[in-house]
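S.K.: The following block contains a protein sequence and its predicted model.
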Amino acid sequence: MPGFHPTDATYDPDATRAKYLAERDKRLVPGRADIRDLRTDEHFARYRDDPFASAIERDPVADDVDVVIVGGGIAGVLAGANLRKAGIKRIRIVDQAGGIGGTWYWNRYPGVMCDVESYSYLPMLEELDYIPTRRYAFGEEILGHLEAIADRFDLVADALFHTGVTRAEWNEDAARWRIRTNRGDELNCRWYVLAVGILNLMKLPDVLGMEEFAGRSFHTARWDYQYTGGGPHEPLTGLEDKVVALIGTGATGIQCAPALAESAKHLYVFQRTPSAVGVRGNRLTPPDFARGLEPGWQRARMDNFQAIMMGRPVEVDQVDDGWTHHYAAVHHPPRREGMTMADYLRSGEEIDYGIMDAHRRRIEELVADPTTAEILKPYYRYLCKRPCFHDEYLPVFNNPNVTLIGCPGGFERITAQGPVVDGKQYEVDCIIYGTGFEAELTPLFRRAGHEIVGRGGVTLADKWADGAASLFGMMSRGFPNLFVMPAPGQQAVVTVNYTQLAVLGAQFIGGTVGLLDQRGVEVFDVSAEAEGGWTQKVVDSFVDGSAVMSACTPSRINNEGHPEALNPRNANYGRGFGNWFGYRDLLEQWLEAANLEGLELEVRSTAS
Ligand code: NAP
């Protein structure tokens, strides 16, 4: 990665740790993680509305199908595609959105893109014979690609959009799931697939007085182009005479800030914690990119990235970006012979320091005003927070119409005029909440947004009240014929490139349904032994990182400052994604063995 390397500044452990802890403490304030529950909040109900498409009136659907998939994002589309490959005919995707795309349907804010390399992030490139136009794809391209996959596998015609599942209940007599929706539909299905996503619940902070704000406000996941004018790549002409407050400086905030700065009369960026903003280095795909690519190249490329993320040796770093250089380096510092654990931890800290120092130097180079530059500097370890990558964000603060407001302790309140920080009222016309989503620490049953009732009337929420219990994080005893797409925090694994995990999960579901069909299985359930064994594996491999993570600035990665409260049962399979007994190896070997080990099977009397 040319031109952006860890500095060789001398590392002073005591001074650095003290500074990091002092910065952490400014942010560890009571109520920092309090949110308005946007699923039910009456005052902010309009925040949930779809600004991109109106719901079409239709009669309720009563139907009996092979599969219902909840969620039409990457996970749901890939699950659908693989079920088609397994020969499944009747598939209905159900989604609250007005179309395919999931997060890429909802997130259409100006500048939206994916900072994971496109050649690994956009799935099924080989099958669709598609090469992304840029190294990092904009949201529209990703959305278009997911729509193309859905078309290829005929997943749209039967989909029910602008439709939310309200309840799913296993009907023992019929050996079917019975699904009800908020549009009055009643769908019966043999297989039920939860592909609800990890970032599907918008997070709106609970700030004193926020409902009194008299101007316009919205969340970045429902961008209000009617108000701002313009489009993802067009000037936001509606903001020319408007003073705008952007709250949030995570991956979303930094991506949309440059467009806001370009168009708004004035932009206030309210920053609670600065992101570490590394080099993006986006570029058009070279015309000869596809030349010489062998079949299987995309899996190999994903594997190359994954191997580096897991600290495994590779011959060539095919991706060669901030993830593979910095993220990998801090998570897997080299272990030299003869090192004690203390040496190893200290060396990890030094590497981390060099990388964070380089990020702080980059700010000094790009931001002219030293006071603003200082507020933008991240003082915590790189591993404490999801890193960001952007080349246009930091220079935004040189624009005369942009003001950065540091608010490490959050807001005092929001009044009819706008936010108040340190006793100062900022008068604005519009507040844009780039405040993110409930992430992996939000249990699956909350993200699913509906009651899932299994055998004996037991709900998934009840069963998982003290932590997840599953086989592979994808099936759970007492919930027959139910598959859950794998995700972090539910006994599966974490991957920087989520698509790779979704590809695996979808292949697993398609492959398993294919095997069940071959064997004439009507109903499967997970055996108590298999579920207990997997859950124990997850618990046994749980690494309590709270000693390191409690020194971090609060974020979702350390449970907002309380890493000690993490439940090992809601953790991930400790051997990681792939190779050497990794998660993918286990799932692929399980499929290859074709004996459906760990499942209890009820075979139908007459093969259909
Ligand atoms: P985020 O990372 O959760 O950031 C939310 C921002 O809102 C943070 O700056 C946070 O400050 C701030 N905030 C929250 N509550 C606040 C309060 N009460 N007062 C003041 N500030 C407050 O959300 P995001 O940027 O939307 O990203 C969410 C996730 O989406 C990311 O982690 C990433 O996985 C994904 N994403 C990915 C890409 C990509 O390019 N791949 C792009 C966008 C999003 P603190 O930092 O202090 O909490």
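M.R.: Sure thing, it's come through. None of these values were measured; they are calculated from a predicted model.
S.K.: and the helix or strand hosting Asp525, which residues are buried?
M.R.: In the assignment (DSSP states H and E), Asp525 maps to strand 521-526. By 16 or more other Cβ atoms under 10 Å, the buried positions in strand 521-526 come out as 521-526. Every C-beta, even on glycine, is put in place using the N, C-alpha and C of the backbone.
S.K.: Identify the residue nearest the residue in the stretch 351-500 of the chain positioned nearest to the ligand in space, chain neighbours excluded?
M.R.: Distances between the stretch 351-500 of the chain and the ligand by Cβ to the nearest ligand atom are smallest at Gly436, namely 2.4 Å. In space, and not counting its chain neighbours, Gly436 is closest to Lys203: 4.9 Å by Cβ to Cβ, 6 or more residues apart in numbering.
S.K.: And His359, by the same measure?
M.R.: Once flanking residues are discounted, His359 sits nearest to Ala276: 4.6 Å by Cβ to Cβ, 6+ apart.
S.K.: Ala461 now?
M.R.: Phe445 (4.2 Å).
S.K.: circling back: could you report the pLDDT at the residue nearest to His359?
M.R.: Here the pLDDT value assigned to Ala276 is 98.
S.K.: Correct me if wrong, but Asp66 is in a strand.
M.R.: Yes. Judged by DSSP: H, G, I helix; E, B strand; the rest coil, Asp66 forms part of a strand.
S.K.: The nearest residue to it once chain neighbours are set aside: neighbouring residues, count only.
M.R.: Nearest-residue entry for Asp66: Arg90, 4.5 Å, with adjacent residues in sequence omitted and distances by Cβ to Cβ, 6+ apart. Residues lying near Arg90 (other Cβ atoms under 10 Å) number 13.
S.K.: Can you name the residues in contact with the helix-or-strand element of the chain with minimal mean pLDDT?
M.R.: Every helix and strand of the chain was ranked by mean pLDDT, DSSP states H and E. The lowest is helix 546-549, at a mean of 90. With contact meaning Cβ atoms under 8 Å, 6 or more residues apart in numbering, helix 546-549 is reached by 381, 383-384, 557-558, 563-564, 566.
S.K.: how many other residues sit next to Glu592?
M.R.: Counted with other Cβ under 10 Å, residues neighbouring Glu592 total 9.
S.K.: If you could redo that for Arg58, that was the one I meant.
M.R.: Residues lying near Arg58 (other Cβ under 10 Å) number 13.
S.K.: Tell me who's in contact with the nearest residue to it once chain neighbours are set aside.
M.R.: Leaving aside its sequence neighbours, Arg58 sits nearest to Arg183 (Cβ to Cβ, 6+ apart; 7.1 Å). Arg183 makes contacts with 58, 60-61, 160, 162-163, as judged by Cβ under 8 Å, 6+ apart.
S.K.: Adding secondary structure, distance to Leu441 and pLDDT, write the residues you listed out as a markdown table.
M.R.: Shown next, in a markdown table, are these (DSSP: H, G, I helix; E, B strand; the rest coil; distance: Cβ to Cβ, whole Å; pLDDT from 0 to 100):
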| residue | secondary structure | distance to Leu441 | pLDDT |
| --- | --- | --- | --- |
| Arg58 | coil | 36 | 97 |
| Pro60 | coil | 35 | 98 |
| Val61 | coil | 35 | 98 |
| Leu160 | strand | 29 | 98 |
| His162 | coil | 28 | 98 |
| Thr163 | coil | 27 | 98 |
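S.K.: Of the residues you listed, which is the most crowded?
M.R.: Using other Cβ under 10 Å as the neighbour test, those are led by Thr163, with 25 neighbours.
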